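Enquirer: below: sequence and its predicted model.
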Amino acid sequence: MTDAPISFVPTGDTGRQLRDAFGRFATGVTVVTAQGPDGPSAITANSFASVSLDPALVLWSPSRTSRRFDLFTNVTHYAIHVLAADQHDLCWSVAKDRQGFDMDTLGRNENGVPILADCLARFDCARYAVHDGGDHAIVVGQILRATYRSGTPLAFYGGKMVRLSEEDLS
């Protein structure tokens, strides 16, 4: 049995309901990295989507209220890492601290962008466009190189991290 649907008009007073409605869409979890003036920086994002195959484009959307907003909307190169199920701690660590990753295992790509180990996929990007997106920006990147491996993804649903079983993936 399912609950009765909740219907509302999005206004300034219905922000919680809108977040709850958005939370009904399960997403993967990504960490975006870039080289900033103060060293390597990262930000957690679940607002990631493919845009185009030719040219190869992806998008993600940082919040304007983030202290990392200016860095990530202005860098020319960055990397988007799709997290694996066992990277739950990395997700929350980066959400709290722009350098919440293990510096000893941090690599660099051809453009000097910091890259994280053991992710399910990585998209090395050049900034293609940045668009206004209300209280977020829509950052479009052109994929310069993509890397991936098999594994179970870290997922976000209903405002929390969830794990998919191997059975869910077959």
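Expert: Cool, the structure landed.

Enquirer: ok, the nearest residue to I115 once chain neighbours are set aside - contacts?
Expert: Of all residues not flanking I115 in the chain, G107 sits nearest, at 4.5 Å (Cβ to Cβ, 6 or more residues apart in numbering). All C-beta spots, glycine's among them, are computed from the backbone N, C-alpha and C. Residues near G107 by Cβ atoms under 8 Å, 6 or more residues apart in numbering: 114-117.

Enquirer: where does the prediction get shaky in this structure?
Expert: Along the chain, segments meeting pLDDT under 70 span 1, 165-170.

Enquirer: related to what we said a few turns ago, what's the closest of the contacts of G107 to G141?
Expert: I115 (14.5 Å; Cβ to Cβ).

Enquirer: can you spell out which residues form a bridge with the spatially most central residue of the chain?
Expert: What sits nearest the mean C-alpha location of the chain, by Cα atoms, centre = their mean, is A45, with 2.8 Å. A45 has these beta-bridge partners by DSSP bridges: T30.

Enquirer: please renumber so the chain begins at 34
Expert: Sounds good: first residue 34 from here, last item A78.

Enquirer: touching, it and P95? I think so.
Expert: Yes - with contact defined as Cβ atoms under 8 Å, A78 and P95 form a contacting pair (6.7 Å).

Enquirer: now do the shared contacts for these two.
Expert: Contacts common to A78 and P95, judged by Cβ under 8 Å, 6+ apart, are V65.

Enquirer: now the helices for the chain?
Expert: All helices of the chain, identified by DSSP state H, fall at 48-55, 102-107, 121-129.

Enquirer: nearest to L187, of those?
Expert: Nearest to L187, of those and by Cβ to Cβ, is helix 121-129 at 6.1 Å.

Enquirer: about what we covered before: please tabulate the contacts of G140 in CSV, including the columns distance to F105.
Expert: Compiled in CSV, the contacts of G140 are given as follows (distance: Cβ to Cβ, whole Å):
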residue, distance to F105
P147, 13
I148, 16
L149, 15
A150, 21
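
Enquirer: and those, which are buried?
Expert: Neighbour counting with 16 or more other Cβ atoms under 10 Å marks 147-149 as buried within these.

Enquirer: give me the number of residues near P43?
Expert: 10 (other Cβ atoms under 10 Å).

Enquirer: quickly note the distance from it to G166.
Expert: Taking Cβ to Cβ, to the nearest Å as the criterion, P43 is separated from G166 by 15 Å.

Enquirer: hang on, the earlier thing: could the helices of the chain go into TSV alongside mean neighbour count and distance to M194?
Expert: Formatted as TSV, the helices of the chain follow (neighbours: other Cβ atoms under 10 Å; distance: least, Cβ to Cβ, whole Å):
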stretch	mean neighbour count	distance to M194
helix 48-55	12	16
helix 102-107	16	22
helix 121-129	16	6
